[in-house]
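K.L.:
mind folding the following:
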Amino acid sequence: MLYKTYTFLIATPLFILMSAFCGSLTALAGICGDRRYFAHYVPQFWSWFTCTIYLLPITVVGREKLDPKQTYVFMPNHQGYFDIFLVYAYLGHKFKWMMKDYLRNIPFIGYACYKSGHVYIGESVSSIAKAVEESRENLEKGMSMCIFPEGTRTHDGNVAEFKRGAFLLATQLKRPIVPITINGSYEVFNREATIVHHHAMELVIHDPIPYESFEGKSSKVLIKEVRDIVVSSLKRDPNPIEEE
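P.N.:
Below you'll find the model as predicted:
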């Protein structure tokens, strides 16, 4: 009850104010042409501030596996709303999100994401092709890409089936895949929650998978391999999906 009172009276109002401020600042940076540095560090600070103001213990494993000079396609599981804050604040690598098109309608944040170069993707073939090209431009400018291969937040905390789109992106752009396991975000704020709960979160960064090792491999095999890696560090039921 004490934590709920704190979140209602202090943490959430501060979060809303900081979201509006950082969203506006990030949008302004994008309008001014900065999509690489300022437009990255402001959201990173916003994400760190959010995790801190809600008093959430954070553990990061494997950050040393990432080469700061290399661009990757990051693929984390999607447990809840706080996945974005956890990855943004604690991954320690510059990247852009690939996100569903409807998210551009979020006040402040949606426009800020658009102006700072994050990639929106819709259902049409033309939208997908445009998203791939925008991702290619980001990678060529030294920015990695991050996409949730499940496509949506989990319903039960387990890892849902991975979709092909993220893997087609990595294959077409010839970039290493980095599987990431998120723990605890489901308990903090899942898709059914109405308030933030106090719970530790963990970000596990697995070994990058070089493009050469999956070049020519079938998407079905690659998807299973990456999903198995993510599930290997999941602190929940490791077999939520019945394999064919």
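K.L.:
can you show me the strands along this protein?
P.N.:
58-61, 73-76, 95-100, 119-121, 144-146, 177-183, 201-205 (DSSP state E).
K.L.:
tell me the angle the longest one makes with strand 201-205.
P.N.:
Think strand 177-183. Strand 177-183 runs at 160 degrees relative to strand 201-205, counting by axes from the mean of the first three to the mean of the last three CA atoms, to 10 degrees.
K.L.:
rounded mean pLDDT for strand 177-183, please.
P.N.:
For strand 177-183, mean pLDDT is 97.
K.L.:
re earlier: mean pLDDT lowest for which of the strands of the chain?
P.N.:
strand 119-121 (a mean of 80).
K.L.:
packing partners of that one?
P.N.:
Applying 3 or more CB pairs under 8 Å, 6 or more residues apart in numbering; DSSP states H and E, we find strand 119-121 packed against strand 95-100, helix 125-140. Bear in mind the C-beta positions are built from the backbone N, C-alpha and C, glycine included.
K.L.:
parallel or antiparallel, which strands does that strand pair with?
P.N.:
Partner strands and pairing direction for strand 119-121 (DSSP bridges) are strand 95-100 (parallel).
K.L.:
excluding chain neighbours, give the residue nearest to the residue nearest the centre of the chain in space.
P.N.:
Nearest to the mean C-alpha position of the chain, by CA atoms, centre = their mean, lies Ile84 at 4.8 Å. Using CB to CB, 6 or more residues apart in numbering and skipping the chain neighbours, the partner closest in space to Ile84 is Ser47 (6.9 Å).
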